[in-house]
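Colleague: Sequence first, predicted coordinates after that:
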Amino acid sequence: MVGIEASIISHPRTWKASGHIASFNDVAVNCSKCKFSTKIDKSEVGKVKCEKCGEEYEIKGEFSLMFKTSVGALDPIDAYLRGETAQGMFLDFKLVQQTSRKQLPFGIAQIGRCFRNEIAPRDFLFRSREFHIGEFEFFINPEEKKCELLEKKHLNLKLKLLDAETQSNGNDTLKETTIGEMLQDKRLEEWHAYWLAEQILWFYSLGLNEIKIREHKKDELSHYSSATFDIDYDYPFGSKEVAGNANRGQYDLTQHMKESGEKMEIFDDKYKNKIIPKVIEPTFGMERVFLAILTKAYSYDKERQNIVLKIPARLAPIKAAIFPIVKQDKFEKISNEIILDLKKEFNVVYDKSGSIGRRYSRNDEIGTPYCITIDEDSTKNRDVTIRDRDTKKQVRVKISDLKNVLRKLISEEIDFEKVGKLVD
Ligand SMILES: [Zn+2]
């Protein structure tokens, strides 16, 4: 996998080639009764009623979701801010392949800001004009049907699926299935199955188990895709799309080759043929994932009477807070030594104001997983207490071991209670 950062402003022909100018449209509607105006998806025309009062919508016409700008001074041309990061990766596909000396199969990945001409921005982070997408474009020889990376942990992976047939029957019953069964049912191909499984495993690894997979029906597939799945997350306010996974086939590279005249084929050593690769695309709405992590982590502790943000330690912006027990030179001196050492590796803060309890609360609320206190014993024994955010348990650890202990705690290689002597 090769990471890149492509440009935000792109030539209009990029979006002509990709099909976005012709098809990346929504439908503007007005409620016939309460006059509420909004937009709906093309596939929803005639199927959805006013979200405010339940009356019929009047269709006002299609509009482009592409964010238009102009480039040039005297004779400007229309250009577009990217509506997705994918096209930049297709345009740079050959350059990346050559400079990083990759053989198929390989991927390009990118996280970046994208723009949409959203006429009705609302729903907090869900309908906005600018947002971040994280995308992988994974390139495969179209002849390669087998995925060598597909293991038992992928095939046996359990998930909740809303399949296309169920939806076509007007039903929304989820069924328990596995990636292996989805393959048997021919809902997707092996490489597609591998990447969908990897995405699900990633969500599970962050503790975000409340996800379900929704298969796109034939009539709602994007213009480029032969199979697409949405990954929806159950937020406290309802289920929303948080990620997706599409089989884009050879569509994009073929289109760019036609539009630009540049050759997009590459020679595949394994099959000894010159081909245009096909593409599997896992996508993440980064703000949506962020919000899933925040809502999952948020908890109010009645006993402590403060919020405890239980984000996994590896995602916490601040890994540890260092407290001298009281403001005295002998404690502050050791605290400074510790800070200087830990700072080389971790984002840590120093906090000496207010009671220890107040300092714990402040750090609970911003999700700092570990608080380190320097006290009288520290001056004699060169050790400190570490307090765990979620359990409030404390252990005593040698200052010389501190960096190593923090590293293991953050990567979840060791249980908190095993890193040192428990203190009451
Ligand atoms: Zn209405």
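Modeller: That came in fine, so what should we check first? Residues are numbered from 1 along each chain as shown.
Colleague: So which residues on this protein come close to the ion?
Modeller: Taking C-beta under 5 Å from the ion, the part of the chain that reaches the ion is made up of 31, 33-34, 36, 50, 52-53, 55. For glycine as for every other residue, the C-beta is placed from the backbone atoms N, C-alpha and C.
Colleague: mind running it again at 8 Å?
Modeller: The interface of the chain toward the ion, taken as C-beta under 8 Å from the ion, is made up of 31-36, 50-55.
Colleague: ok, and what's touching stretch 262-269?
Modeller: Stretch 262-269 is contacted by residues 93-94, 97, 103-104, 141, 253-254, 256-257, 273-277 when judged by C-beta atoms under 8 Å, 6 or more residues apart in numbering.
Colleague: can you do 7 Å?
Modeller: 93-94, 97, 103-104, 141, 253, 256-257, 274-277 (C-beta atoms under 7 Å, 6 or more residues apart in numbering).
Colleague: likewise stretch 369-386?
Modeller: Taking C-beta under 7 Å, 6+ apart as the criterion, the residues outside stretch 369-386 that touch it are 313, 316, 319-325, 330-331, 334-335, 338, 356, 360, 363, 387-389, 394-399, 402, 406, 409, 423.
Colleague: Drop anything exposed from these.
Modeller: Under a neighbour-count criterion of 16 or more other C-beta atoms under 10 Å, the subset of the contacts of stretch 369-386 counted as buried comprises 313, 316, 319-325, 331, 334-335, 338, 360, 363, 387-389, 394-397, 399, 402, 406, 409.
Colleague: Which ones among those lie within strands?
Modeller: Residues from these lying in strands, with DSSP state E as the criterion: 320-324, 387-388, 394-397.
Colleague: Would you check which pair of those lies furthest apart?
Modeller: Across these, the longest distance by C-beta to C-beta is 19.8 Å; it joins Pro324 and Asp388.
Colleague: Can you find the helix or strand in the protein with the smallest mean pLDDT?
Modeller: Counting by mean pLDDT, DSSP states H and E, the chain has its least confident helix or strand at helix 20-23, which shows a mean of 85.
Colleague: Give me the buried positions along that helix.
Modeller: For helix 20-23, burial by neighbour count (16+ other C-beta under 10 Å) applies to 20-21.
Colleague: same check, this time on stretch 51-71
Modeller: For stretch 51-71, burial by neighbour count (16+ other C-beta under 10 Å) applies to 57, 64-67.
Colleague: Next: stretch 217-232.
Modeller: Buried, per 16+ other C-beta under 10 Å, within stretch 217-232: 220-221, 224-225, 227-232.
Colleague: ok, of these, which one's closest to the ion?
Modeller: Sorting these by distance to the ion puts Glu220 at the head of the list, at 24.1 Å, by C-beta to the ion.
Colleague: How about the closest one: what's its closest non-neighbour residue?
Modeller: The spatial neighbour of Glu220 that comes closest, neighbours along the chain excluded (C-beta to C-beta, 6 or more residues apart in numbering), is Ser43 at 4.4 Å.
Colleague: Next, the residue in the stretch 251-400 of the chain that the ion sits nearest to: phi, psi?
Modeller: Proximity of the stretch 251-400 of the chain to the ion (C-beta to the ion) peaks at Arg288, 27.1 Å away. Main-chain torsions, Arg288, degrees, to the nearest 10: phi -70, psi -40.
Colleague: Tell me the pLDDT of it.
Modeller: Model confidence at Arg288, given as pLDDT, is 96.
Colleague: Once you drop chain neighbours, what's closest to it?
Modeller: Distances taken as C-beta to C-beta, 6+ apart put Val242 closest to Arg288, at 4.4 Å, once the chain neighbours are dropped.
Colleague: And for the one you found, the neighbour number?
Modeller: Using other C-beta atoms under 10 Å, the number of residues around Val242 comes to 24.
Colleague: From what I see, Gln67 and Arg116 are in contact.
Modeller: For the record, residue 67 is Phe, not Gln. Yes. With contact defined as C-beta atoms under 7 Å, Phe67 counts as touching Arg116 (6.4 Å).
Colleague: which residues in the stretch 201-350 of the chain form strands?
Modeller: In the stretch 201-350 of the chain, the strands defined using DSSP state E, counting those that start in this stretch lie at 211-215, 227-235, 238-249, 266-268, 273-275, 278-285, 298-301, 306-309, 320-324, 348-350.
Colleague: CA atoms only: put the second one into PDB for me.
Modeller: If I follow you right, that is strand 227-235. Once side chains and other backbone atoms are set aside, the C-alpha atoms of strand 227-235 remain, and they are given as PDB (Å, rounded to 0.1, in the frame of the first residue of the first chain):
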ATOM      1  CA  ALA A 227     -21.100  -4.600  -6.300                       C
ATOM      2  CA  THR A 228     -21.200  -2.100  -3.400                       C
ATOM      3  CA  PHE A 229     -21.700  -2.400   0.400                       C
ATOM      4  CA  ASP A 230     -22.400   0.300   2.900                       C
ATOM      5  CA  ILE A 231     -21.100  -0.100   6.400                       C
ATOM      6  CA  ASP A 232     -23.600   1.500   8.800                       C
ATOM      7  CA  TYR A 233     -23.000   2.300  12.400                       C
ATOM      8  CA  ASP A 234     -25.600   2.400  15.200                       C
ATOM      9  CA  TYR A 235     -25.100   5.900  16.700                       C
END
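Colleague: All set now, cheers.
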